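Trainee: okay, sequence plus prediction incoming.
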Amino acid sequence: MRVFNCEACGHLIYFDSLQCVHCGAAQAFLPDQLRVGILQSSDATSYTPSSDLTARYRPCAHRHNISLCNFAIEPSDPHQLCVSCRQTEWLPDSSNPANELRWAKIEVAKRRLFYTLAKLGLLDPHGHRVPEPRFSLLADIPGSTPVMTGHASGMITLNVVEADDDERARRRLALREPLRTLIGHLRHESGHFYWDQLIAQSAWLEPFRALFGYENLDYAQALQQHYNKDPLDTRWSQSAISAYATSHPWEDWAETWAHYLHMVDLMETAASYSTSITVPDIPSSGPQMICNPLGNVPLNFSVMQAQWVPLTLLHNSLNRSLGLEDAYPFSISAMAWDKLRFVHDLISDYRQKSGFAVPAL
């Protein structure tokens, strides 16, 4: 996720900023332009928007409730909710204050997913292209079947208890997962959605099968066999990005897809700060500026792969300096890299055929 600058004073602001802490200008993310701009508001009198067009943007109706949505709505858009909030079709019981807070946390992660998918050309930031993923954010009801996180027919369902840090940590430890985050859940489930859109009925299906396997394996049986495996068996690391990825070709794809979205987001963040990397044990290689895979110029996957390892080493080293666990607890095998390259090539092909171009900033 790149960082931005306030158009009024030039101070650093973030993707989800509502206000510039330096000059007080109201900030809003403009989905059609994929940038943060100044939003005209009643409490902002010390600045002037950079253009009449920016002044005509309206705030999302969820800006002033617990969601704190900072997305703006285009002047020609009649909706009261922004293009990201409109994707959420079902919400949990709002009479429970805990559910309100959970919903707000999930919407933050969902807006970040929207940004990455839009930058990759997979979503229309104007909200006109269909189909696009829809979301159902539900809470368990006592006496009823527990809500299962998953995807079906374009609807991504997330059990909102995943927004509770303690519960998410408990599940991560119980399932022996290296990483479990809200954005990770959403990226994973979006992978299932885009498998249907980009692979299922396309020329990419046979190349997918050659690399990931045949998707017509019995899904329920495959998952049962996976959970019956010895959790200490690490042979999965030779072929997949995670143990769960070996349960079924669909899950292998979704885990790989999510990991690719992790990659492009982290690399864009590093590039936004003009990060330069020199691998300590290969000093003769000299410094490398981290490239932005979400920029106007398509990035060669080999460059991404070469820069990813030293970037994640730096990330982990910084965490260890603060006494924290590794932020990136993965080691990617050659076969897993091949699968990540497949995701990259698929998205690149789609972007080229759709004529997508990142809006100039």
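Mentor: Thanks, I have the structure now. Numbering: from 1, shown residues only.

Trainee: can you report phi and psi for the residue nearest to Ser17 when sequence neighbours are not counted?
Mentor: Distances taken as CB to CB, 6 or more residues apart in numbering put Gln27 closest to Ser17, at 4.5 Å, once the chain neighbours are dropped. Glycine gets a C-beta too; all of them are placed from N, C-alpha and C. Per-residue torsions, Gln27: phi -110, psi 150 (degrees, to the nearest 10).

Trainee: go on, Gly37?
Mentor: Gly37 has phi and psi values of phi -130, psi 180 when expressed as degrees, to the nearest 10.

Trainee: Glu7 - how many residues pack around it?
Mentor: As a burial measure, Glu7 scores 20 neighbours (other CB atoms under 10 Å).

Trainee: surely it meets Ala26?
Mentor: No - with contacts counted by CB atoms under 8 Å, Glu7 stays clear of Ala26, the gap being 11.1 Å.

Trainee: what touches both of those two?
Mentor: Common neighbours of Glu7 and Ala26, counting by CB atoms under 8 Å, 6 or more residues apart in numbering, are Ile38.

Trainee: and Met263, how many neighbours?
Mentor: Met263 has 22 nearby residues by other CB under 10 Å.

Trainee: what about it, distance to Glu89?
Mentor: For Met263, the distance to Glu89 (CB to CB, to the nearest Å) stands at 29 Å.

Trainee: how about the strands of the chain, start to end?
Mentor: For the chain, the strands defined by DSSP state E cover 4-5, 12-13, 27-30, 35-38, 58-59, 72-73, 88-90, 134-138, 150-152, 155-159, 276-277, 288-289.

Trainee: out of those strands, which one sits most buried?
Mentor: Ranked by mean neighbour count under mean count of other CB atoms under 10 Å, the strands of the chain are led by strand 72-73, which reaches a mean of 28.

Trainee: what mean pLDDT does that one get?
Mentor: Average pLDDT, strand 72-73: 95.

Trainee: which regions of the stretch 101-250 of the chain sit below the pLDDT cut-off?
Mentor: The stretch 101-250 of the chain contains residues with pLDDT under 70 at 127-130.

Trainee: what's the domain layout of this protein?
Mentor: The chain is divided into the following domains under automatic domain parsing: 1-81, 83-198, 201-361.

Trainee: now do the residue nearest the centre of the chain against Ile183, distance only.
Mentor: Nearest to the geometric centre of the chain sits Leu113, at 3.5 Å (CA atoms, centre = their mean). Distance, Leu113 to Ile183, using CB to CB: 7 Å.

Trainee: ok, Cys291 next?
Mentor: Cys291 sits 22 Å away from Ile183, going by CB to CB.

Trainee: same question, Asp164
Mentor: Separation of Asp164 from Ile183 (CB to CB): 15 Å.

Trainee: repeat that for Leu91.
Mentor: Separation of Leu91 from Ile183 (CB to CB): 19 Å.

Trainee: ok, now Cys82?
Mentor: Cys82 is 18 Å from Ile183, by CB to CB.

Trainee: when these two are compared, which one has more neighbours?
Mentor: Neighbours were counted for Cys82 and for Ile183 using other CB under 10 Å; Cys82 has more, 27 against 19.

Trainee: that one against Ala28, yeah?
Mentor: No - in this structure, Cys82 is not within contact of Ala28 by CB under 8 Å, at 9.2 Å.

Trainee: joint contacts of these two?
Mentor: Phe71, Ala72.

Trainee: mind putting the strands of the chain into TSV with distance to His192?
Mentor: Shown next, in TSV, are those (distance: least, CB to CB, whole Å):
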stretch	distance to His192
strand 4-5	31
strand 12-13	33
strand 27-30	26
strand 35-38	30
strand 58-59	32
strand 72-73	29
strand 88-90	17
strand 134-138	13
strand 150-152	4
strand 155-159	8
strand 276-277	33
strand 288-289	34
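
Trainee: closest one to Leu313 among those?
Mentor: strand 276-277 (8.5 Å; CB to CB).

Trainee: for the closest one, name the packing helices and strands.
Mentor: Under the contact criterion of 3 or more CB pairs under 8 Å, 6 or more residues apart in numbering; DSSP states H and E, strand 276-277 touches strand 288-289, helix 301-321.

Trainee: can you tell me what sits against it?
Mentor: By CB under 8 Å, 6+ apart, the residues outside strand 276-277 that reach it are Pro287, Gln288, Met289, Ile290, Gln307, Pro310, Leu311, Leu314.

Trainee: which one of these has the most neighbours?
Mentor: These, ranked by neighbours (other CB under 10 Å): first place Ile290, 24 neighbours.

Trainee: and stretch 57-65, how far from the chain's centre?
Mentor: 22 Å (CA atoms, centre = their mean, to the nearest Å).

Trainee: what comes up buried for that stretch?
Mentor: Residues Tyr57, Arg58, Pro59, Cys60, His62, Arg63 are the ones in stretch 57-65 that count as buried (16 or more other CB atoms under 10 Å).

Trainee: now do the contacts for the closest residue in space to Gln80 that isn't next to it in sequence.
Mentor: For Gln80, ignoring the flanking residues on the chain, the nearest one in space by CB to CB, 6+ apart is Ala61 at 4.3 Å. Contact partners of Ala61, counting by CB under 8 Å, 6+ apart, are Gln80, Leu81, Cys85.

Trainee: tell me the one of those residues nearest Arg320?
Mentor: Checking the contacts of Ala61 one by one against Arg320 (CB to CB), the nearest turns out to be Cys85, at 38.0 Å.
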